[in-house]
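In: Next come a sequence and a model predicted from it.
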Amino acid sequence: MIYPTQDKLQVLYEDNHLIVVVKPENILSQEDITAEDDMVNLVKGYLKEKYQKPGNVYAGLIHRLDRRVGGVMVFARTSKAASRLSEDIRNHRFSKQYYAIVMGKIQKDATITDYIVKEESNKKYIAKVSTSDDDNAKEAVLHYTVNKHINIDGKEFTLLQINLVTGRYNQIRLQLANMGHPIINDFKYGYQGDNIDNNLGLWCYQIIFLHPISKEKIEISYLPKNGVWRYL
């Protein structure tokens with residue numbers, strides 16, 4: 001394995017137990033058959049180069065972001081940290097906050113609950129809304145808060161702050177589209193407007209969790225100022 005170098009990774013926080021980085025849009029969270037860049041190997045490459053480590057380097061994947069979604073990600077540097085962080089995620093003690101720019105003007109905060117299934121179509125996966133009595137469907141819950149309204153090229157958009165309760169495949173994208181407010185540039189899930197800056201208007205801007213060893217509260221935020229985010 002040839003690891004990428006440090007200059008391809010933006011590090012927000014680092015200690016002996018974990019590392020928090022920025023995942024750019026259109027980068028895989030972990031390796032697949034395409035052999036394209038992925039965050040696990042980018043982190044490994046950074047650690048290997050910075051600390052001159054021979055042989056394999058450990059980088060535990062704690063949570064994932066969709067390929068088209070950028071944002072803050074945490075990786076464990078030890079198996080002990082990975083185990084504790086994974087347990088916190090399972091027990092909903094790990095918070096991920098997102099920003100989404102959606103079509104139209106939304107006025108009120110709300111909680112959305114749907115049942116969704118993951119289906120394969122033309123060798124690609126897509127999420128669809130189903131019913132609670134569908135054996136393959138999983139409950140999907142998110143809270144959103146209206147942050148502000150934005151006018152882009154004469155069209156109305158709303159910036160939502162999203163607290164993801166469950167982590168289903170393409171959940172945020174599907175649920176917002178299902179309520180009639182698809183995310184900007186999300187042509188997969190019903191966006192029919194202009195292609196603005198060619199990037200998806202969904203970003204994991206903040207993570208909040210307890211440090212797996214010290215139990216200190218860690219709160220890290222990052223939002224880019226380019227692409228569609230320059231309109232905020």
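Out: Done, it's in.
In: who's in contact with residue 10?
Out: 21, 22 (CB atoms under 8 Å, 6 or more residues apart in numbering). In short, each C-beta sits where N, CA and C put it, glycine included.
In: Any idea what it is bridged to?
Out: Counting by DSSP bridges, residue 10 forms beta bridges with residue 22.
In: CA atoms of the longest strand seen in the chain as PDB?
Out: The longest strand of the chain (DSSP state E) is strand 138-152. The C-alpha trace of strand 138-152 is given here as PDB (Å, rounded to 0.1, in the frame of the first residue of the first chain):
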ATOM      1  CA  LYS A 138     -35.400   1.000   9.100                       C
ATOM      2  CA  GLU A 139     -36.600   3.900  11.200                       C
ATOM      3  CA  ALA A 140     -34.900   7.200  10.300                       C
ATOM      4  CA  VAL A 141     -35.200  10.200  12.600                       C
ATOM      5  CA  LEU A 142     -33.700  13.700  12.400                       C
ATOM      6  CA  HIS A 143     -34.300  17.100  13.900                       C
ATOM      7  CA  TYR A 144     -33.800  20.300  12.000                       C
ATOM      8  CA  THR A 145     -33.700  23.900  13.000                       C
ATOM      9  CA  VAL A 146     -34.200  26.800  10.500                       C
ATOM     10  CA  ASN A 147     -31.000  28.800  10.600                       C
ATOM     11  CA  LYS A 148     -31.700  31.400   7.900                       C
ATOM     12  CA  HIS A 149     -33.100  32.000   4.400                       C
ATOM     13  CA  ILE A 150     -30.800  32.600   1.500                       C
ATOM     14  CA  ASN A 151     -31.400  34.100  -2.000                       C
ATOM     15  CA  ILE A 152     -29.200  32.600  -4.700                       C
END
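In: how far out from the middle of the chain is it?
Out: 14 Å (CA atoms, centre = their mean, to the nearest Å).
In: average pLDDT across that strand?
Out: Strand 138-152 shows an average pLDDT of 96 in the prediction.
In: Then stretch 219-232?
Out: Mean predicted confidence for stretch 219-232 is 94.
In: low-confidence ranges in the chain?
Out: For the chain, the stretches with pLDDT under 70 are 1-7, 122-123.
In: Can you give the domain ranges for it?
Out: Domains of the chain are assigned by automatic domain parsing as 6-94+208-231, 98-202.
In: Report the beta-bridge partners for the closest residue to residue 179 other than its chain neighbours.
Out: The shortest distance from residue 179 to any non-neighbouring residue, by CB to CB, 6 or more residues apart in numbering, is to residue 112 (6.6 Å). Counting by DSSP bridges, residue 112 forms beta bridges with residue 142.
In: Same question for residue 152.
Out: The partner residues for residue 152, given DSSP bridges, come to residue 155.
In: Okay, the nearest residue to residue 53 once chain neighbours are set aside and residue 11: tell me how far apart.
Out: Spatial nearest neighbour of residue 53, excluding adjacent residues (CB to CB, 6+ apart): residue 47 at 6.5 Å. With the distance defined as CB to CB, to the nearest Å, residue 47 ends up 10 Å from residue 11.
In: now residue 223
Out: From residue 223 to residue 11 the distance is 16 Å (CB to CB).
In: who's in contact with the residue sitting nearest the centre point of the chain?
Out: Nearest to the mean C-alpha position of the chain, by CA atoms, centre = their mean, lies residue 65 at 3.5 Å. By CB under 8 Å, 6+ apart, the contact list for residue 65 reads 23, 29, 71, 73, 204.
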